[in-house]
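turn this into a model:
(chains A and B)
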Amino acid sequence: MNNTIRVNCTKKNLKLIRDFVTGYLHTLRLSDILMNQIVLAVDEICANLIIHANHEDPTKYISLAIMEQKDMLKFEITDNGVAFRQSEYKEPDIQEHVRVGKKGGVGIALVNRIMDKVEFETVGNRNICLLYKKIR
Amino acid sequence: MAMKITNEIKDSTIIITLDGELDASSSVVLDEELSDPEIMNFSKILVNCENLHYISSAGLGVFISHLQRFENAQIKLIFFNMQDKVRNVFEILGLDLLMTIVSNYDEAMTIADE
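Down below sits the predicted model:
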């Protein structure tokens, strides 16, 4: 089964990516909750790359590859946009978000809480986000 | 369309039924719905999540961003019939402690009338 998908940077393609991940993981018979968490984490990264790193420019692309390593799933998401600076990331204070009515900024917190390991690296003008999730 | 929103009005209560997936693309529609000044005329907003199959941070963000405004106006926001996998996403961020999520419509109406 094909383990990669490449889409251009429009938000409408997020559904396509979620369906691809769901389809690929289907045979693993994960629980509803775990499957949804994994799909969500990938969706959050892709949404950030499409919206923030590539400013929804439809001439730009992001790629996702899914790999199985023993008891681990590995997701590799690449793009050529503005790199995410993990070192500058601060966990959000949700109560403060509610108080000031803030709309964004909780996606990466979800990813960090769902995945076992989250890595960002940049090689030349190519950014790679790696997500790891233990499934057994 | 990824998200269909329907409204039903019963006296001072508006029941918003969500049908589909709330992601970075589709949550804009929900934001417009909750930003409508008319909504401030109700004292209770009940959100039927029975057919809400997915929510991402963008969808959560819409509710987060309106919660305080509703609380300030003493409008109760109550979610009901939420699927376990969707509720789990609220729980990951602790939003289940900041928002009112109940099992079903009857419970939502009881709480709304308190």
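
which phi and psi does the residue of chain A positioned farthest from its centre have?
What lies farthest from the middle of chain A is residue A:99; by Cα atoms, centre = their mean that is 27.3 Å. Dihedral pair for residue A:99: phi -60, psi -40, per degrees, to the nearest 10.

which stretches in chain B count as strands?
B:3-10, B:13-22, B:44-55, B:76-80, B:100-102 (DSSP state E).

before we move on, what about chain A?
Using DSSP E, strands in chain A cover A:4-8, A:61-69, A:72-79, A:117-123, A:126-134.

returning to what we had before: nearest spatial neighbour of the residue farthest from the centre of chain A, skipping sequence neighbours?
Excluding the flanking residues, the one nearest residue A:99 by Cβ to Cβ, 6 or more residues apart in numbering or on different chains is residue B:68, at 5.8 Å. C-betas here are computed from N, CA, C, even on glycine.

likewise for residue A:108?
In space, residue A:108 is closest to residue A:89, 6.3 Å off (Cβ to Cβ, 6+ apart).

that neighbour contacts residue A:109, doesn't it?
No: counting by Cβ atoms under 8 Å, residue A:89 does not reach residue A:109; the two are 9.2 Å apart.

now the strands of chain B as TSV including mean pLDDT and distance to residue A:64?
TSV is the format used below for the strands of chain B (pLDDT from 0 to 100; distance: least, Cβ to Cβ, whole Å):
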stretch	mean pLDDT	distance to residue A:64
strand B:3-10	96	23
strand B:13-22	98	18
strand B:44-55	98	17
strand B:76-80	98	31
strand B:100-102	97	31
